[in-house]
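Q: What would the 3D arrangement of this be:
(4 chains)
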2 protein chains.
Amino acid sequence: MGQDVIELDTSLGYLLKEAATALRVEMEDVLRPLGMTVTHYSCLELLAQRPGLSNSELARGAFVTRQSMNVLLQSLEREGQVVRATEAPVGKALPTTLTPLGRERLALASAAVRGVEDRMLAALSNSDRDTALRVLRSMVTSLRG
Amino acid sequence: MGQDVIELDTSLGYLLKEAATALRVEMEDVLRPLGMTVTHYSCLELLAQRPGLSNSELARGAFVTRQSMNVLLQSLEREGQVVRATEAPVGKALPTTLTPLGRERLALASAAVRGVEDRMLAALSNSDRDTALRVLRSMVTSLRG
DNA sequence: TGACCCATGTCAGTAGTCTGACATAGTCTG
DNA sequence: CAGACTATGTCAGACTACTGACATGGGTCA
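A: Model prediction:
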């Protein structure tokens, strides 16, 4: 019977979910006063680093479906935080860029999120941090293979 | 400006979300044919290891709100996968236990999930695995403090 | 004892994301 | 060149989980 059940306390999968949930909750807490969700913030952050990303590319970067990202982008465009090209330079992908308002919103959010991430990493050595990066990348690769 | 934006490629938070998402997607893929969600599976797994957990305790263990877990438990009880005490031995907490049907469903799900977790850990040394466990625990503690 | 605080169970409404489906643009291939 | 395949954008509906709210049980303490 010891093989029939997964030991949660020592399960890397369980702990991975616990850590990701804790991070998400903390991020939601600091973003809510700004009227932003985690996906909303992720979208702006992606556009700041790689202007011109399409809806599908943003979806992959924020780990949601392109349908979900599409809904978000439509509201962000209505609110003037992003601008989408009216026609595709190639294929059907429509490049999106931040507006000054979008950059302004991002600056506030990024500062708040940085505080959370700094707190999360406070007790970690550089060595531990590097190992964790490598291990997480390995897990992602193995899962997708 | 280098300080204004969080570098996603080397951000432990971003990678944490990526890995957790990849794991969740893979688990959903193997659980969907069984008609189960990840939360559903988590609930059964928790009850197998600690029979008699209450709704709120299950919610904390599965990283959802007690309201969400309550909805799930009601449907699981209707389907005969769990049994809830009709009155509380102490306080308001109602102990929940698995039925034979629940254990049967869990056995199928647990095997499927074990396959996913094994795949995720395939490329990791024991040392890396232990470091990852320690790092993730550290993050959780720091975030909640 | 009575006021206060905290945890729990539960109902209702909302919000975010998902799956399914369809049309379109580009690429590969026999 | 024609057909197949893949990627993208978008609409619609369903589902999951969330926040808000309320009542109840138990413990604390002045």
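Q: Return the residues of chain A in contact with DNA strand C.
A: Taking CB under 7 Å from any atom of the strand as the criterion, chain A approaches DNA strand C at residues A:37-39, A:63-65, A:67-68, A:71-72, A:88, A:90-92. Where you see a C-beta, it was placed from the backbone N, CA and C, and this is true even at glycine.
Q: just the buried members of those?
A: With neighbours counted by 16 or more other CB atoms under 10 Å in any protein chain shown, the residues of chain A next to DNA strand C contain buried members at A:38, A:39, A:63, A:64, A:72.
Q: ok, back up a step: near DNA strand D, list only the ones from the residues of chain A next to DNA strand C.
A: On the criterion CB under 7 Å from any atom of the strand, A:67, A:88, A:91, A:92 are the entries of the residues of chain A next to DNA strand C that sit beside DNA strand D.
Q: Just send those residues back as TSV, with pLDDT too.
A: Below are those laid out as TSV (pLDDT from 0 to 100):
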residue	pLDDT
A:67	98
A:88	88
A:91	92
A:92	94
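Q: Okay, and which of those residues map to strands?
A: Using DSSP state E, no member of those falls within strands.
Q: what's near enough to touch the closest residue to residue A:89 other than its chain neighbours?
A: Leaving aside its chain neighbours, residue A:89 sits nearest to residue A:95 (6.9 Å; criterion: CB to CB, 6 or more residues apart in numbering or on different chains). Taking CB atoms under 8 Å, 6 or more residues apart in numbering or on different chains as the criterion, residue A:95 is in contact with A:51, A:52, A:53, A:54, A:84, A:85, A:89.
Q: Mind checking which of these are in strands?
A: Among the contacts of residue A:95, the ones falling in strands (DSSP E) are residue A:84.
Q: Need the worst-confidence member of the contacts of residue A:95.
A: Minimum pLDDT for those is recorded at residue A:89 (88).
Q: Can you show me the strands along chain A?
A: Using DSSP E, strands in chain A cover A:82-84, A:96-98.
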